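> Prediction below, plus the sequence it came from.
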Amino acid sequence: MHSGAAILAIETSCDDTCAAVVSRDGRVLSNLVASQMDHDRFGGVVPEVASRRHLELLDGVVGAALDDAGLTLADIEAVAATRGPGLIGALLVGFSYAKALAAAAGKPLICVDHLQAHVSANFLEPEPLEPPFICLIASGGHTFLARVTERRGYEVLGSTTDDASGEAFDKGARLLGLGYPGGAALDALASVGNDAAYDFPRTFVGELDFSFSGVKTSLLYRLRDLPPGEFEGVKADLAASYQRAVIDMLVGRVEHAIELTGINRVAIGGGVAANSRLRERIAALGVTVKVPPRELCTDNAAMVGAAAIETAPVDYPGYAGFDAYPTGRPAPAAA
Ligand code: KG4
Ligand code: ZN
């Protein structure tokens with residue numbers, strides 16, 4: 001490969017330690033994720049555990065990403081890393097590592113916003129989706145709808161006012177005794193249940209915002225009120241009806257966004273995009289739909305590389321004072 005044509009990208013905003021190499025023309029040369037399954041034991045992500053594991057795993061994951069791409073650090077044009085938003089301790093490990101690596105190798109740094117990265121996953125080869133399109137990002141950490149009119153940037157049309165949709169799946173799964181993270185298990189159980197057996201609330205906030213706390217509370221009460229001994233017999237029906245309510249809310253918002261904007265091209269991303277019913281329902285909308293492969297929907301570094309392609313690199317020592325940010329975006333002066 002021509003030297004200087006590829007970006008090394010690092011992502012550590014939550015509990016996955018990710019590194020990838022992406023070429024300037026949007027090809028994924030390598031894409032590695034070390035998932036921290038220890039969190040399963042605690043029923044959620046433990047921030048301190050996540051940070052420590054990133055520290056242990058990062059060097060190996062970055063080295064393997066370069067090896068898989070058949071490149072060395074010298075061949076890399078720039079180092080990119082997620083700067084925020086996310087768990088601050090986790091972000092700091094990856095972002096500081098990227099700064100140090102870039103400085104030591106004499107390479108520029110490219111700072112990437114995690115949410116932009118999820119949107120930018122759609123620009124990777126093969127078959128990139130060109131703007132304009134509506135993008136639904138639904139994961140354990142975020143749920144928002146974006147209007148994407150160019151490769152860099154997007155307009156948030158709506159977002160969750162409480163839980164993320166993945167959290168709704170995870171909390172529902174936990175209530176149904178399916179472990180953590182339970183979205184995939186709930187999806188599987190729902191496939192053998194009757195989704196019309198129970199009526200769960202659909203909440204629509206504002207013009208295009210989401211709310212998932214009501215449906216979760218409703219499941220909690222349903223379970224509490226079940227006669228003793230009935231749970232096992234109705235578990236699949238509860239899972240199917242609960243999933244249908246969550247998906248109705250997601251798809252309802254996508255449909256409304258299509259109506260409001262007149263843009264009939266849709267992309268979905270985030271871990272919830274792996275949901276089989278959601279994929280069927282979005283496909284049935286009759287519009288152009290893009291669902292990137294699962295490994296580009298869940299947290300990964302290739303999407304960080306995709307966003308980095310559209311972002312200006314910063315030369316050393318310009319980035320020496322940059323900090324990660326846990327929420328929102330950095331003040332323009334610090335960007
Ligand atoms: O994007 P992701 O890997 O990590 C972040 O949260 O950023 O998303 C993980 C979320 C979890 O909440 C998980 O339960 C959910 O995606 N998920 C699913 C499915 N597979 C993963 N939710 C519903 N159905 C699935 N098949
Ligand atoms: Zn994410």
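Sure thing, it's come through. Ligands and ions are numbered 1, 2, ... in the order given.

> quick one: the longest helix belonging to the chain to chain centroid distance?
For the chain, the longest helix by residue count, based on DSSP state H, is helix 231-261. Once both centres are worked out by CA atoms, centre = their mean, to the nearest Å, helix 231-261 turns out to sit 19 Å from its chain's centre.

> Give me the buried positions along it.
By neighbour count with 16 or more other CB atoms under 10 Å, helix 231-261 contains the buried residues 234-251, 253-258, 261. Yep, even glycine has a C-beta here, placed from its N, CA and C like the rest.

> And stretch 279-292, by the same measure?
Neighbour-count burial for stretch 279-292, counted by 16+ other CB under 10 Å, picks out 281-282, 287, 289-292.

> Just put the residues you listed in CSV and tack on secondary structure and distance to P227.
Listed next are the buried residues of stretch 279-292 as CSV, based on DSSP: H, G, I helix; E, B strand; the rest coil; distance: CB to CB, whole Å:
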residue, secondary structure, distance to P227
R281, helix, 32
I282, helix, 37
V287, coil, 44
V289, strand, 42
K290, strand, 46
V291, coil, 40
P292, coil, 44
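
> Go through those residues and say which is closest to E56.
Of all the buried residues of stretch 279-292, E56 sits closest to P292, with 28.8 Å by CB to CB.

> I137 is in contact with V254, correct?
No. Shown here, V254 and I137 do not form a contact pair, counting by CB atoms under 8 Å, at 11.5 Å.

> Now the common contact residues for these two.
Common neighbours of V254 and I137, using CB atoms under 8 Å, 6 or more residues apart in numbering, are 145, 268.

> Of the buried residues of stretch 279-292, just say which sits nearest to ligand 2.
Here the nearest of those to ligand 2, counting by CB to the ion, is P292; it sits at 12.9 Å.

> nearest spatial neighbour of that closest one, skipping sequence neighbours?
A121 (5.0 Å; CB to CB, 6 or more residues apart in numbering).

> Tell me how far the one you found lies from R294.
For A121, the distance to R294 equals 11 Å [CB to CB, to the nearest Å].

> When these two are compared, which one has more neighbours?
A121 (30 against 11; other CB atoms under 10 Å).

> how close does the residue of the stretch 51-200 of the chain found nearest ligand 2 sit to ligand 1?
Proximity of the stretch 51-200 of the chain to ligand 2 (CB to the ion) peaks at S139, 4.7 Å away. Distance of S139 to ligand 1, computed by CB to the nearest ligand atom, to the nearest Å: 3 Å.

> number of nearby residues for Y325?
For Y325, the count of nearby residues is 20 (other CB under 10 Å).

> who in the stretch 151-300 of the chain is up against ligand 2?
For the stretch 151-300 of the chain, the contact set with ligand 2 under CB under 5 Å from the ion comprises D299.

> Helices of the stretch 151-300 of the chain, residue ranges please.
165-175, 183-190, 213-224, 231-261, 276-283, 294-297 (DSSP state H, counting those that start in this stretch).
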